[in-house]
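> Please work out how this folds:
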Amino acid sequence: MAENKKKIIFVCTQNSARSQMAEGLMRAMYGDRFEVFSAGTKPFRVNPYAIKAMAEIGIDISSHRSKSIDEFTDMEFDYVVTVCDNAREECPYIPGGREYLHHSFPDPAKAEGSEEEILKVFAQVRDEIKDWLEAQFA
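So this is what the prediction gives:
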């Protein structure tokens, strides 16, 4: 039941790549134990490469949307996880947060090159996030 699950939110600047991939990974890996959310300090849109990188490992985030952290001001979270330094600086405190974790992952949206090269960068960051989540919550 959702009442027994811990709540976790992943925060980055645009809620377009890193926090979206973290949300999808966390839900797929530990959805039995966690109710998972993500948000951004300046939401934009879900990056198509993030959707493709997640699809490569069988996780569909195509229905996700970028959300503002303001949508969650009335919620309480067991964990607030910032996944970029910018979000940590802009959003150091969420009123309902109990425990704060931070790990700055490289921004895959800054990748340049061919579509294949950009997708490879997104996949690398996805795998870094997955490894970090396993180390934190397994």
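
> residues near Arg65, how many?
Look at Arg65: counted by other CB atoms under 10 Å, it has 11 neighbours. From N, CA and C alone the C-beta is placed, and that goes for glycine too.

> secondary structure class for it?
Using DSSP: H, G, I helix; E, B strand; the rest coil, the structure places Arg65 in coil.

> Arg45 too?
Per three-state DSSP, Arg45 ends up coil.

> Tell me, how many residues neighbour the spatially closest residue to it that is not a sequence neighbour?
Closest residue in space to Arg45, ignoring its immediate chain neighbours: Ser66 at 5.4 Å, by CB to CB, 6 or more residues apart in numbering. The number of residues packed near Ser66 is 19, by other CB under 10 Å.

> and if you look at Ala39?
Number of residues near Ala39 (other CB under 10 Å) recorded here: 23.

> So which residue of the chain lies furthest out from the middle?
What lies farthest from the middle of the chain is Ser114; by CA atoms, centre = their mean that is 24.6 Å.

> pull the CA atoms of stretch 30-37 into CSV?
Output of stretch 30-37 as CSV, limited to C-alpha atoms (Å, rounded to 0.1, in the frame of the first residue of the first chain):
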residue,chain,number,x,y,z
TYR,A,30,12.3,0.0,-5.8
GLY,A,31,8.7,0.9,-6.6
ASP,A,32,7.6,-1.7,-4.2
ARG,A,33,9.2,0.4,-1.4
PHE,A,34,9.0,3.9,-2.6
GLU,A,35,6.5,6.4,-4.0
VAL,A,36,8.6,8.3,-6.5
PHE,A,37,8.4,11.9,-7.8
